[in-house]
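A.B. asks: Sequence and predicted structure below; questions after.
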Amino acid sequence: MPDAPFSFDIQPQLATPIYRQVVEQVQRLVAGGQLKPGDDLPSVRAVAERHAINPMTVSKAYSLLEAEGLLARRRGVGMVVAEGVRPAGDDRMALLQPALLALARQARQLGITPDQALDALAQAFHSNDQDNA
């Protein structure tokens with residue numbers, strides 16, 4: 001589990017449904033090895049309260065992840081990353097590909113060159129590092 005208390009980055013203004021945002025974030029965190037087998041996820045109630053969203057939305061995401069085999073339900077504890085789940089290695093890039101394609105499409109539409117987009121991406125990485133410090 002990450003050093004700081006685990007929290008989802010929920011963005012209601014996005015076109016992506018909130019339950020999908022939760023599913024995709026857990027998939028990426030497991031694929032990247034930041035969530036490991038046995039790590040606890042925040043409770044449905046905690047996520048719903050923190051982000052002012054319907055608990056059924058969080059429950060739906062957790063159920064989909066359980067059906068996918070990424071999460072397991074532990075009675076009295078809540079949801080944990082399932083045993084036997086391993087970081088995805090090269091599959092991490094496959095999870096990133098849709099966002100990269102969307103970024104490239106938007107950059108082209110805005111008349112931004114590949115070098116400008118790469119510079120902006122590098123700046124975003126550094127700005128995110130400072131936000132998490």
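C.D. replies: Ah, there it is.
A.B. asks: got any ranges where this structure has weak pLDDT?
C.D. replies: For the chain, the stretches with pLDDT under 70 are 1-5, 87-90, 128-133.
A.B. asks: residues in contact with the residue sitting nearest the centre point of it?
C.D. replies: Centroid-nearest residue in the chain: Gln25, 1.2 Å away (criterion: CA atoms, centre = their mean). Applying CB atoms under 8 Å, 6 or more residues apart in numbering to Gln25 gives the contacts Phe8, Asp9. Heads up, the C-betas are built off the backbone N, CA and C, glycines and all.
A.B. asks: Next, work out how far apart the residue located most distally from the centre of the chain and Gln123 are.
C.D. replies: Distance from the C-alpha centroid of the chain peaks at Gly111, with 29.1 Å (CA atoms, centre = their mean). Distance, Gly111 to Gln123, using CB to CB, to the nearest Å: 19 Å.
A.B. asks: ok so, going back, wait, is the residue nearest to the centre of the chain part of a helix?
C.D. replies: Yes - with DSSP: H, G, I helix; E, B strand; the rest coil as the criterion, Gln25 is part of a helix.
A.B. asks: what's the distance between it and Phe6?
C.D. replies: Counting by CB to CB, the gap from Gln25 to Phe6 is 10 Å.
A.B. asks: which of the residues in the helix or strand that contains Met79 are buried?
C.D. replies: Using DSSP states H and E, Met79 sits in strand 78-81. Residues of strand 78-81 classed as buried by neighbour count (16 or more other CB atoms under 10 Å): Gly78, Met79, Val80, Val81.
A.B. asks: I'd assumed Ser63 was in contact with the second one.
C.D. replies: No - shown here, Met79 and Ser63 do not form a contact pair, counting by CB atoms under 8 Å, at 9.4 Å.
A.B. asks: which residues of this protein fall in helices?
C.D. replies: Per DSSP state H, the chain carries helices over the ranges 18-31, 44-51, 55-67, 91-109, 114-131.
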